[in-house]
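[1] how would this look folded up:
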Amino acid sequence: MTGRITRLIEDQQVGTIAAEDGQDYAFKSIALGQTKFSDLSLGAAVTFEPIEGPRGTLRANAVRRLEK
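    Here you go, the predicted model:
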């Protein structure tokens, strides 16, 4: 799935992605695939695998920044 970064909290290494399906997916730096947290920016296009987290929350796994 694809989406765009809408929130980044650097000191906690977490963020949110607005996905093409209209949902928001949270992610942690541990969920990044071949991308460093420092390489992400607001509005950056990414791909990811949607997963269900604890208590039914939407999470993003294997987050990768798309090339500019």
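[2] hang on, Ala18 packs against Thr2?
    No. Taking C-beta atoms under 8 Å as the definition, Ala18 is not a contact partner of Thr2, at 10.3 Å. Quick note: C-beta positions are derived from backbone N, CA and C, even for glycine.
[3] the more surrounded of the two?
    The neighbour comparison of Ala18 against Thr2 (other C-beta atoms under 10 Å) goes to Ala18, with 15 against 12.
[4] What sits closest to the more buried one if chain neighbours are left out?
    Thr6 (4.7 Å; C-beta to C-beta, 6 or more residues apart in numbering).
[5] Count residues in the vicinity of the one you found, would you?
    Residues near Thr6, counting by other C-beta under 10 Å, number 15.
[6] Please give the element, helix or strand, for it.
    Assigned by DSSP states H and E, Thr6 falls within strand 2-9.
[7] What residues of stretch 14-21 count as buried?
    Of the residues in stretch 14-21, Val14, Gly15, Thr16, Ile17, Ala19 count as buried by neighbour count, 16 or more other C-beta atoms under 10 Å.
[8] Give the helix, strand or coil label for the second one.
    In terms of secondary structure, Gly15 is strand; the call rests on DSSP: H, G, I helix; E, B strand; the rest coil.
[9] Count the residues that sit near the nearest residue to it once chain neighbours are set aside.
    Of all residues not flanking Gly15 in the chain, Leu8 sits nearest, at 4.4 Å (C-beta to C-beta, 6+ apart). Residues within reach of Leu8, counting by other C-beta under 10 Å, total 16.
[10] swap in the one 3 residues further on?
    By the measure other C-beta under 10 Å, the count of residues near Asp11 is 5.
[11] what's the distance between it and Ala62?
    23 Å (C-beta to C-beta, to the nearest Å).
[12] wait, isn't Leu66 in contact with Ala45?
    Yes. Here Leu66 lies in contact with Ala45, judged by C-beta under 8 Å, at a distance of 4.3 Å.
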